[in-house]
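K.L.:
I'll drop the sequence and a predicted model, then ask my questions.
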Amino acid sequence: MIIQLDPNITDAEQQQLSDKLASIKFKATNVKTQYANYLIGVGKGEFDIRSIGNLPGIRDIHRVSDAYKLVSRKWKVQDTVLEIGEDIKIGTGHFALMAGPCSIESEEQIAATIHHLKDNGVKIMRGGVYKPRSSPYSFRGLGIDGLKLWHSMAKEAGIAIITEVMMVEQIEAMADYVDIFQVGARNSQNFNLLDALGEVDKPVLLKRGISGTLDELLQSAEYIFSHGNEKIMLCERGIRTFEKAYRNTMDINAIAMLKEKSHLPVIADPSHGIGVRQFVDKIALASVMAGADGVIFEVHATPEKAFSDGQQTLNFQEANLLIGRMRKAFQLREEF
């Protein structure tokens, strides 16, 4: 169960609640976030929910059978909408675009990408400064110095930054220069990292693991929420299957199902979802129609010269067309 506590609950009232939960053999865990104070009860005993809900100091109470409780729609019917800065909203009723290169490469590249994004009204720039690469000999990013340069240029242009964090030790150094932390597919079940991001008051975009189920993704999101951070986005980026014709199998079904299972915003990543440039636009549009609250995709002035993932990266002209089409698709979806 999820018990939302009154902000003014007294120690005596909290002790009375703890005693009641113990009497019905429910283990209670306190969760305090940016917005509320919760008590999560886990147990199998039968009880009358009114016997708890009527206790003093309780604002609300819900039965939630899912293992992932706080991110479940079973207790929070109204969708979560995140606010990034003053003019960016991500969630139901809004459509967020995040675009940029796979890797941050140079000052010139950053400037060209920012100019492209501003021309298209895109307010969030993606890019990697720490890159988890399959080969240890591949380009692995410019690190914190690259992030600081990127941040200074993006801030001046009014562009928010989303970038991947790979280790707990990187969070503190990156925090002042990042608007949204991204957790990549390889770290989707790095629970130490998820715990640490739960203690940061920054939005987190959590990608689905390479072979992860939806329940595993939602359980990972629960780690972040249960450590104090409600600002979470779920990202479908394709999964590994037996098919070899493209990089990953983009699970369009997952977008609709995640919107059904959770109140959190759902973002689609068609670049990694298919990994083939000529089909990224089609998968992006399908994701919008499936219910995605936003799309994150890769764009580069000259993808053929990109330091990483050029085969799945759109050039500026291709991105211009796709951005316009996605916005039209979103408007059409909202009219249904």
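P.N.:
Structure's in. What do you need?
K.L.:
so what does the one helix or strand Ile171 maps to touch, helix or strand wise?
P.N.:
Assigned by DSSP states H and E, Ile171 belongs to helix 168-174. In terms of contacts (3 or more CB pairs under 8 Å, 6 or more residues apart in numbering; DSSP states H and E), helix 168-174 is packed against helix 143-157, helix 191-197. (C-beta placed from N, C-alpha, C; glycine too.)
K.L.:
partner strands of the following helix or strand past it, with direction?
P.N.:
Using DSSP H and E, the next helix or strand after helix 168-174 towards the C-terminus is strand 180-183. If you go by DSSP bridges, strand 180-183 pairs up with strand 160-164 (parallel), strand 204-207 (parallel).
K.L.:
export the first one to CSV, keeping only CA atoms.
P.N.:
Yep, that's strand 160-164 we're talking about. Output of strand 160-164 as CSV, limited to C-alpha atoms (Å, rounded to 0.1, in the frame of the first residue of the first chain):
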residue,chain,number,x,y,z
ALA,A,160,18.5,22.7,-21.7
ILE,A,161,21.0,19.8,-21.6
ILE,A,162,20.4,16.1,-21.3
THR,A,163,23.4,13.8,-21.0
GLU,A,164,24.3,10.4,-19.7
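K.L.:
residues in contact with that strand?
P.N.:
84-85, 88, 98, 104, 123-132, 147, 150-151, 154, 174, 177-184, 205, 296 (CB atoms under 8 Å, 6 or more residues apart in numbering).
K.L.:
okay, the angle between it and helix 143-157?
P.N.:
Put simply, strand 160-164 runs at 160 degrees to helix 143-157, going by axes from the mean of the first three to the mean of the last three CA atoms, to 10 degrees.
K.L.:
what about Ile84, neighbour count?
P.N.:
18 (other CB atoms under 10 Å).
K.L.:
and if you look at Ala185?
P.N.:
For Ala185, using other CB under 10 Å, the count is 22.
K.L.:
looking at the helices and strands packed on helix 168-174, which is nearest to His300?
P.N.:
For these, the distance to His300 is smallest for helix 143-157, at 14.5 Å, taking CB to CB.
K.L.:
same question for the closest one: list its buried residues.
P.N.:
146-151, 153-154 (16 or more other CB atoms under 10 Å).
K.L.:
next: stretch 193-204.
P.N.:
Buried residues in stretch 193-204 (16+ other CB under 10 Å): 193-194, 196-198, 200, 202-204.
K.L.:
how about stretch 172-184?
P.N.:
174, 177-184.
K.L.:
how about stretch 328-336?
P.N.:
Residues 329-330 are the ones in stretch 328-336 that count as buried (16+ other CB under 10 Å).
K.L.:
average pLDDT across that stretch?
P.N.:
Average pLDDT, stretch 328-336: 94.
K.L.:
helices or strands up against the lengthiest helix in the chain?
P.N.:
The single longest helix within the chain, with elements called by DSSP state H, is helix 316-335. Counting contacts by 3+ CB pairs under 8 Å, 6+ apart, helix 316-335 is packed against strand 96-100, helix 107-119, helix 277-290, strand 294-298.
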